[in-house]
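Enquirer: just to be clear, the model below is a prediction. Sequence and coordinates:
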Number of protein chains: 2
Amino acid sequence: MVGTGPGPVDLICPRARDAIAAAQVVLGYRTYLELISELLRPDQEITGSAMMQEVERCSKALDLASQGRSVALVCGGDPGIYAMAGLVYQLARTEGQPVDIEIIPGIPALSACAALLGAPLMHDFAAISLSDLLTPWEIIERRLKLAAEADFVIAIYNPASKKRREHIKKAATMILEHRSPDTPVGVVTAAYRSGQSIQLVTLDQLAREHLDITMQSTVIVGNSRTFTWNNRMITPRGYEDKYAI
Amino acid sequence: MVGTGPGPVDLICPRARDAIAAAQVVLGYRTYLELISELLRPDQEITGSAMMQEVERCSKALDLASQGRSVALVCGGDPGIYAMAGLVYQLARTEGQPVDIEIIPGIPALSACAALLGAPLMHDFAAISLSDLLTPWEIIERRLKLAAEADFVIAIYNPASKKRREHIKKAATMILEHRSPDTPVGVVTAAYRSGQSIQLVTLDQLAREHLDITMQSTVIVGNSRTFTWNNRMITPRGYEDKYAI
């Protein structure tokens, strides 16, 4: 399981590159394989699959590995955060396949987006996915509510898809019950890829306006102390209280 | 601001390496500079500092940069997560220094530890630091309580220091009010470094036993569905409900 980070090859660590180079078979979601196409060789078996075929993809990787082939299953970002690492272990357990599994971590979307926004994740934070394909919406709502109450910075994964346009507005409205309307919010789309966009808005705008938020976006909602300066979104750690800076 | 990930140079992305190579001055906490010593050259000005000198270190980096020098401020893990990114922006704002700041993200400790444990972060999670140097303990307790109630997987940073031995037990006791005593807990110390250790225990053990937890440890507490298999800690994403795997 190889994490390839946000996209460009110079944000992929050498250990991940080496694992891809050493693999006889490379599997992954088509979009991620395209991003790393320069790392792939004609002598490798490359299988790109569509979205929503996660179970087939992971099963195939395990099958091939159990036949003795070396397989790299590529994940954008970090394999361990809303990606395939868990599913591979679950399938390996169910199928009882004696396969060596190694996870090579990558730069997750939340780190990539935070770096482009400034320093929004400098204090305690929660990561919440708005996708209700695998998680009941009531659980997502409950987590949003409690995360808002706890004053966590909130990194929202899967804020929208073609079918889910209103969930992010609903989420913002719930967070507004515990946080000021002018709380800074960063929306990063296609981080470090072509078409990258960075929007700095307020929580009120997120709840009311129809912003350009897609499947490639991550949304970071500041905590009660997050501020903006010079087009950056910054959450203080607490040095200002202790050292009067 | 350059993120160097958990430690070994093959987990540092090329963009970070290039930034270090291009810098005239490299600053950082001494331990992190030692880990990347093979990337440093005799013609570079290298300044390692002790812990707790964050304000001095970041001020110096900004001063040198405002004098026109190219400076790499090195952070272990990701500069944007409990590291120096926020402080640098805060100081730049206070001092009004016209400096170009770029953050190059790195693999954060939570990703590195998750990869070694299996797949514990596969569903919504919270990151909470137990250090009460800059945050009042009451705020930390409140966040632990609400994160436990929300059934977040919880990644605990700074679980212990020489002076703080009991905080992690207190935290575990609070989480126990909302979660089963046999909830899986992973303790990773010195991830990907020499002396690495991985302990898989239960929440009950974390609350009661004196485990080997140091300043170099990160603790990951599972959610209500996290299980262990084959010495790995796995949080399901929900595929098992939908596809009956």
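Expert: Here it is on my side, so go on.

Enquirer: how about the helices in chain A?
Expert: Ranges of helices within chain A are A:14-22, A:30-35, A:54-66, A:85-95, A:109-117, A:137-149, A:167-176, A:203-208, A:239-243, based on DSSP state H.

Enquirer: right, is the fifth one up against chain B?
Expert: Looking back up the chat, that one is helix A:109-117. Yes. Helix A:109-117 comes into contact with chain B (CB under 8 Å from any CB of the partner chain), by way of A:111-112, A:114-116. C-beta here means a position set from N, CA and C on the backbone, and glycine is covered the same way.

Enquirer: packing partners of that helix?
Expert: strand A:153-157, strand A:184-189, strand A:197-202, strand A:217-221 (3 or more CB pairs under 8 Å, 6 or more residues apart in numbering or on different chains; DSSP states H and E).

Enquirer: which one of those strands lies nearest to chain B?
Expert: strand A:153-157 (8.7 Å; CB to the nearest CB).

Enquirer: which neighbours does the closest one have in its sheet, and in what orientation?
Expert: Looking at strand A:153-157 with DSSP bridges, its partner strands are strand A:125-129 (parallel), strand A:217-221 (antiparallel).

Enquirer: pull the CA atoms of that strand into PDB?
Expert: The C-alpha trace of strand A:153-157 is given here as PDB (Å, rounded to 0.1, in the frame of the first residue of the first chain):
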ATOM      1  CA  VAL A 153     -10.400  22.900  13.900                       C
ATOM      2  CA  ILE A 154     -12.400  20.700  11.500                       C
ATOM      3  CA  ALA A 155     -10.900  19.200   8.300                       C
ATOM      4  CA  ILE A 156     -13.800  18.100   6.200                       C
ATOM      5  CA  TYR A 157     -13.100  15.400   3.600                       C
END
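
Enquirer: can you give me the buried ones in it?
Expert: Within strand A:153-157, the residues scored as buried using 16 or more other CB atoms under 10 Å in any protein chain shown are A:153-157.

Enquirer: ditto for stretch A:88-95
Expert: A:88-92.

Enquirer: and the contacts of that stretch?
Expert: With contacts defined as CB atoms under 8 Å, 6 or more residues apart in numbering or on different chains, stretch A:88-95 is touched by A:1, A:55, A:58-59, A:61-62, A:73, A:97, A:99, A:101, B:118-119, B:229-230, B:232, B:234, B:236, B:239-240, B:245.

Enquirer: go with 7 Å
Expert: If you take CB atoms under 7 Å, 6 or more residues apart in numbering or on different chains as the criterion, stretch A:88-95 is touched by A:1, A:58-59, A:61-62, A:73, A:99, A:101, B:118-119, B:229, B:232, B:234, B:236, B:239-240, B:245.

Enquirer: can you select the buried ones among those for me in PyMOL?
Expert: Command for PyMOL that selects the buried part of these, burial taken from 16+ other CB under 10 Å:
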select buried, (chain A and resi 1+58+59+61+62+73+99+101) or (chain B and resi 118+119+232+234+236+239+240+245)
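
Enquirer: tell me the mean pLDDT over stretch A:226-237?
Expert: For stretch A:226-237, mean pLDDT is 96.

Enquirer: domain ranges for chain A?
Expert: Domain assignment for chain A by automatic domain parsing gives A:2-95, A:109-234.

Enquirer: who touches the residue nearest to residue A:228 when sequence neighbours are not counted in this structure?
Expert: Using CB to CB, 6 or more residues apart in numbering or on different chains and skipping residues adjacent in sequence, the residue nearest residue A:228 is residue A:184, 5.0 Å away. By CB under 7 Å, 6+ apart, the residues touching residue A:184 are A:200, A:202, A:222, A:226-228, A:233.

Enquirer: same check on residue A:123?
Expert: Residue A:123 is in contact with A:153, A:223, A:235, A:237, counting by CB under 7 Å, 6+ apart.

Enquirer: who does the residue nearest to the first one when sequence neighbours are not counted form a beta bridge with?
Expert: If I follow you right, that is residue A:153. Nearest residue to residue A:153 in three dimensions, chain neighbours excluded: residue A:125, at 3.9 Å (CB to CB, 6+ apart). Here residue A:125 sits in beta bridges with residue A:153, residue B:127, going by DSSP bridges.

Enquirer: re the thing from before, closest to residue B:84 out of the helices of chain A?
Expert: Across those, residue B:84 has its closest neighbour in helix A:239-243 (10.0 Å, CB to CB).

Enquirer: which residues touch the closest one?
Expert: A:245, B:54-55, B:87, B:90, B:134.

Enquirer: swap in stretch A:140-150?
Expert: With CB under 7 Å, 6+ apart as the test, stretch A:140-150 has contacts from A:126, A:128, A:130, A:132, A:154, A:171, A:174-175, A:177-179, B:124, B:142-143, B:146-147, B:149-150, B:152.

Enquirer: apply 6 Å and report the result again.
Expert: Stretch A:140-150 is contacted from outside by A:126, A:128, A:154, A:171, A:174-175, A:178-179, B:124, B:143, B:146, B:149-150, using CB atoms under 6 Å, 6 or more residues apart in numbering or on different chains.

Enquirer: same check on stretch A:43-63?
Expert: A:25-27, A:30, A:33, A:40, A:71, A:73, A:84, A:87-88, A:91-92, A:97, A:99, B:243.
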